[in-house]
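In: whatever this is, show me its structure:
(one chain, ligands or ions: 1)
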Amino acid sequence: MKRPTPPIQWVDDHIRIIDQVLLPTEVRFVEIRTAAQAVDAIQRLAIRGAPALGAFGSLALVVALDETHPSSLSEATTRLEECRTLIGDARPTAVNLRRAVDRVIDEAISSSQDLAGLRATLLREAHAVAAEDEAACTEIGRLGHELLRDATTLGTHCNAGRLATAGTGTALAPMYAKAQAGEPLKVFASETRPLLQGARLTAWELEDAGIDVTVVPDGAMASTVLSGQVDAYIVGADRIAANGDTANKIGTVSHALAAREAGIPFYVAAPTSTIDTNLPSGEHIEIEQRDELEVHEMTGKRITPQGVAAANPAFDVTPHHLISAIITEAGVLRAPFEGSIADALTRTGAP
Ligand code: MRU
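Out: Residues are numbered from 1 along each chain as shown. Below you'll find the predicted structure:
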């Protein structure tokens, strides 16, 4: 399998990303040299997906520091504290962003004696965030591959692949592992209105990898599943509460309900960095509300009558009882999730 261009690259002194808003029609790179450019890229979804947001947000701290040319350690510390909010809060639902930004800033501030050391620690820790995510994706791929050994048709929603992580993806990692092993595989990717991450991004990256992918309108997925054409679902996550309730792209819960009705497994794949045990259950997860215009328009054209309202929640919460298992790099977690999640976090040494 050829190695595709990674969605996030550190080039000399700045970040280069693929502008995911333009995919699949155009593969254009965007150079990120300032905090404002980083926040803009996050908010307009040029870079997106929970683990990718963590990796990108960490690197964004380095460019955010460099652009202000601090002349002392205390000026640099003030700038990083500013960025904790500016970059860490650019989108609220994916815990990976908040957590990675806090981790990198805390490590740099607590362990550096001078400016050069601070910058070096920021960059090293940011690269570590990405490297850990890459390793987690590989392990999720291996474990998911074992779990899905007998499944030949898989359903997925949104994009939880290479474009959304620093590795082979979460939900898509087992698909790459199956394809690599030469096993038969067909993927149904739901289009994911309003921003079409399934139709544009999942279809693009799976097709690029030579995997058989069929795009299905969101409204047609339930009947596809109920007609017996899908063996199992696998989706990603933006934040998983202590009891296993999972926030993921809007529409995910309807896929989970269809899976239950059809009697097929519904798997969530996510690194442990997406688990937030500070939140006991899903109702505490902040759901990003996006601009109504994304619903009113399609590819820049108005599709709703002027004057009507639109709601645009970016995520929903799938209750834990609809989830068959959560595939993490620390193992395949099953109900009761409070216990299996706590054990997994102990294994990873998470604080
Ligand atoms: O709004 P997006 O495109 O950032 O939403 C992404 C998702 O919901 C993904 O499924 C999730 O972040 C997991 S990515 C490995």
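In: does stretch 123-134 come close to the ligand?
Out: No - Stretch 123-134 lies out of reach of the ligand by CB under 6 Å from any ligand atom, never closer than 9.2 Å. Where you see a C-beta, it was placed from the backbone N, CA and C, and this is true even at glycine.
In: mean confidence score for that stretch?
Out: For stretch 123-134, mean pLDDT rounds to 98.
In: in the stretch 251-351 of the chain, what residue is nearest the ligand?
Out: residue 314 (5.3 Å; CB to the nearest ligand atom).
In: mind listing what that residue touches?
Out: Going by CB atoms under 8 Å, 6 or more residues apart in numbering, residue 314 touches 93, 249-250, 287-290.
In: most surrounded residue in these?
Out: residue 249 (25 neighbours; other CB atoms under 10 Å).
In: so how far is residue 241 from it?
Out: Separation of residue 249 from residue 241 (CB to CB, to the nearest Å): 17 Å.
In: who touches the lowest-mean-pLDDT helix or strand in the chain?
Out: The weakest-scoring helix or strand in the chain, judged by mean pLDDT, DSSP states H and E, is strand 297-298 (a mean of 94). For strand 297-298, the external contacting residues (CB under 8 Å, 6+ apart) are 194, 303.
In: how far out from the middle of the chain is the very next helix or strand once past it?
Out: The helix or strand immediately downstream of strand 297-298 is strand 301-302, counting by DSSP states H and E. Put simply, strand 301-302 sits 28 Å off its chain's centre (CA atoms, centre = their mean, to the nearest Å).
In: which strands border strand 301-302, and is each parallel or antiparallel?
Out: strand 297-298 (antiparallel) (DSSP bridges).
In: chain center to the strand it pairs with: distance?
Out: Centre-to-centre, strand 297-298 and its host chain are 24 Å apart (CA atoms, centre = their mean).
In: repeat for stretch 141-151
Out: With CA atoms, centre = their mean, you get 20 Å for stretch 141-151.
In: picking that back up, filter the contacts of residue 314 by proximity to the ligand?
Out: Among these, proximity to the ligand is found for residue 249 (CB under 6 Å from any ligand atom).
In: just flag the most distant two among the contacts of residue 314.
Out: 249 and 289 (14.0 Å; CB to CB).
In: next to the ligand in this structure, residues from the chain, please.
Out: 45, 48-51, 94, 158, 160, 164-165, 169-170, 197, 236-238, 248-249, 314.
In: list the ones among those that fall in helices.
Out: Among the residues of the chain next to the ligand, DSSP state H puts 50-51 in helices.
In: inside strands: which ones of the residues of the chain next to the ligand?
Out: Members of the residues of the chain next to the ligand lying in strands (criterion: DSSP state E): 248-249.
In: so among the residues of the chain next to the ligand, which ones count as buried?
Out: 45, 48-51, 94, 158, 160, 164-165, 169-170, 197, 236-238, 248-249, 314 (16 or more other CB atoms under 10 Å).
In: as CSV, the contacts of residue 314 with pLDDT would be great.
Out: Converted to CSV, the contacts of residue 314 look like this (pLDDT from 0 to 100):
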residue, pLDDT
93, 98
249, 98
250, 98
287, 98
288, 98
289, 98
290, 98
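In: many thanks, I have nothing further to ask.
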